[in-house]
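S.K.: Sequence first, predicted model second:
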Amino acid sequence: MKRRIAALFLALMLLPVVPAFATEGGGNGPFARSKTYEGQFSDLERASPYYESITALYEYGLTLGRPDGTYGPEEPMTVGEIIIFAGRIRSLYRTGDTETGPDGFRQGEEPVACRYLRYLQAEEVLDTALDGRLEEQASRGELAHVLAKLLPPEILPEVNGVIVTEGWGKRWFIKDVKSGTPYCQDILYLYRCGLTAGEDGKGSFRPEETASRGAAADMLARLLDGNLRITLDWDVSGPSTAAGTALKDLVPRGTYIASPATEEELDQSIRYMLASGSSKLNLRCPGMPAAEIQKLKSRALYLVETYSEQSYRAVSCSYNRAGDVELTFTASEPQGTGEYRNMAMKAAIALHDEMWASGKITAAMSEYDRAKAYYTWLCKNCVYDYRAGGGSVSHVPYSLFERGTAVCDGYTGALNMLLKLEGIECAGLACDGHIWTVATLDGKQVHIDATLGGEGKAVDYSYFAMTPEQCWERHPWDDFRLAAKPQGK
């Protein structure tokens, strides 16, 4: 019964009284406003940043607001609400009526949004990613996913295509959207088509935040009315520079969990430590036996080494009877940790900027090609240090940049540092005394082994962008966070 009431409420909230019909041509595209807004929403002030967009939705016949006469600009929007709006816009474009298309997909008593979802899927606007989530709050990334394929390019041209490619490619704008961000390409498409300029001066999209009804109205209204779309004026002149980036900036911040019960929770705490610029992690482990604390210490070091660009390779541990545990991470030679980290970061930034200034990397290049350029440089400019012992600096990126020698964790740390300066998501993956890179390039997870790729006289590209299956044949792994075992292995 509750489900039927919720569905009815949703229908009333979005129900249009008079459908807006498609028209031929016109400066605003193939849509016409059929009504005039005259203060129908009691909570919509003229000073609201969403005023123009919300009134547009009313005038296009897409919503009456809520039964109590409000719209709720600052309140969260559900996945189902977004899909209903999108289904009506698609039907309006295809049939001249907001309901004709979805009405063909009614199936008995069910949540209202279901027929709109099936309609959008039949139109190949949506996939099945949002199935079963209609009553949940929608993220801004999911909002972008629903809108990205709603109208064809001739109706929604990419007015900002070049500037978005440059701005995002140089990591100057939309920096919170990376290749591995869910719905990355859908989000970028909204910028290219003028549906959003982001939430601040740097175009941040905040993809994981809940989509508000007002923010959704902005994007929906711009879909319908070309005059509302945004022409970006970002300054993207000159080559990209990574100046000012710190090592802590390369780690996605985690949530501090004082008493981690799983490896995922321990990883959260480690990321919190690294993103805070600290080398110490304090945990609360009351009642934990000394042997288990040693296991915790070893697992924490393993996880820290997956962030190999941070140059931490050793850990010391102190604890008391109350269960207070302090883990301190250092490089191979503890007394040189700070210097090694700082010099490696300075060298990586200099190489990044030189690659851009020389044109070896450009904003038009794919992530695959950028990663390949750095892989090539590493393989050509570093040799394997066969004499390195356990305490050698060849285990950290500093040695590769400053001395031209490294072992696998030095290679991997240096490559990961460079990739992260490009905004490419990556991490180290270790097994049996070896470590290499797992990266997401253009939305695809690949394995990169710069150590083995640079062993011969010529660069061996068979170790670049390996599939999980190809990499597994060379050195199997077992890691909870990164790549699952290939099928059949």
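M.R.: Sure thing, it's come through.
S.K.: wouldn't A427 be in contact with T440 here?
M.R.: No. Taking contacts as C-beta atoms under 8 Å, A427 lies outside contact range of T440: 9.7 Å. In short, each C-beta sits where N, CA and C put it, glycine included.
S.K.: quick one: which of the two has more around it?
M.R.: Shown here are A427 and T440; by other C-beta atoms under 10 Å, A427 has more neighbours (23 against 19).
S.K.: Need phi/psi at that one.
M.R.: Phi and psi for A427, reported as degrees, to the nearest 10, are phi -160, psi 170.
S.K.: Find the nearest non-adjacent residue to it, please.
M.R.: Among residues not flanking A427 along the chain, T306 sits closest, at 4.8 Å (C-beta to C-beta, 6 or more residues apart in numbering).
S.K.: From D131, how far out is that neighbour?
M.R.: Distance, T306 to D131, by C-beta to C-beta, to the nearest Å: 33 Å.
S.K.: of the two, who's got more company?
M.R.: It is T306, of T306 and D131, that has more neighbours when counted by other C-beta under 10 Å, with 21 against 13.
S.K.: Please report how far that one lies from G413.
M.R.: 11 Å.
S.K.: Which neighbours do those two have in common?
M.R.: Residues touching both T306 and G413 (C-beta atoms under 8 Å, 6 or more residues apart in numbering): G428.
S.K.: next structured bit after the helix or strand bottoming out on mean pLDDT in the chain?
M.R.: Lowest on mean pLDDT, DSSP states H and E among the helices and strands of the chain sits helix 2-14, with a mean of 42. Next helix or strand after helix 2-14 toward the C-terminus (DSSP states H and E): helix 51-59.
S.K.: which parts of the helix or strand following that next one are buried?
M.R.: Following helix 51-59 in sequence order, the next helix or strand is helix 79-95 (DSSP H and E). Buried residues in helix 79-95, counting neighbours by 16 or more other C-beta atoms under 10 Å, are found at 79-93, 95.
S.K.: again with stretch 144-163
M.R.: If you call a residue buried by 16+ other C-beta under 10 Å, then stretch 144-163 has these buried ones: 144-151, 156, 159-160, 163.
S.K.: Stretch 381-393 now?
M.R.: Using 16+ other C-beta under 10 Å as the test for burial, stretch 381-393 gives 382, 384-385, 388, 392-393.
S.K.: cool, stretch 462-473 as well?
M.R.: By 16+ other C-beta under 10 Å, the buried positions in stretch 462-473 come out as 463-466, 468, 471-472.
S.K.: quick one: which of the residues you listed is nearest Y256?
M.R.: P468 (31.5 Å; C-beta to C-beta).
S.K.: just the strands in the stretch 251-400 of the chain please.
M.R.: Ranges of strands in the stretch 251-400 of the chain, per DSSP state E, counting those that start in this stretch, are 280-284, 314-319, 324-330, 383-384.
S.K.: Out of these, which is the most enclosed?
M.R.: Among the strands of the stretch 251-400 of the chain, ranked by average contacts under mean count of other C-beta atoms under 10 Å, first place goes to strand 324-330 (a mean of 19).
S.K.: got the angle for that strand vs strand 280-284?
M.R.: Here the directions of strand 324-330 and strand 280-284 differ by 160 degrees (axes from the mean of the first three to the mean of the last three C-alpha atoms, to 10 degrees).
S.K.: For strand 324-330, name the packing helices and strands.
M.R.: strand 280-284, helix 290-306, strand 314-319 (3 or more C-beta pairs under 8 Å, 6 or more residues apart in numbering; DSSP states H and E).
S.K.: any idea how far S48 is from the spatially closest residue to E74 that is not a sequence neighbour?
M.R.: Nearest in space to E74, with sequence neighbours left out and distances taken as C-beta to C-beta, 6+ apart, is S212 at 5.7 Å. S212 is 12 Å from S48, where distance means C-beta to C-beta.
S.K.: Next, show the common contact partners of those two.
M.R.: In contact with both S212 and S48: P73, using C-beta under 8 Å, 6+ apart.
S.K.: Number of residues surrounding D267?
M.R.: So D267, with other C-beta under 10 Å, has 21 neighbours.
S.K.: so what's the closest residue to it other than its chain neighbours up against?
M.R.: Leaving aside its sequence neighbours, D267 sits nearest to L303 (C-beta to C-beta, 6+ apart; 5.3 Å). L303 makes contact with 263, 266-267, 270, according to C-beta under 8 Å, 6+ apart.
S.K.: Quick check: V125 vs V146, distance?
M.R.: For V125, the distance to V146 equals 8 Å [C-beta to C-beta].
S.K.: neighbour-wise, which of the contacts of L303 leads?
M.R.: Counting neighbours by other C-beta under 10 Å, I270 leads the contacts of L303 with 27 neighbours.
S.K.: Per-residue pLDDT of the residue lying closest to it once chain neighbours are set aside, please?
M.R.: In space, and not counting its chain neighbours, I270 is closest to L303: 5.3 Å by C-beta to C-beta, 6+ apart. Model confidence at L303, given as pLDDT, is 95.
S.K.: same thing with the one 10 residues further on?
M.R.: Listed pLDDT for R313 reads 92.
S.K.: which residues touch it?
M.R.: Per C-beta under 8 Å, 6+ apart, neighbours of R313: 301, 305, 330-332, 395-396, 409.
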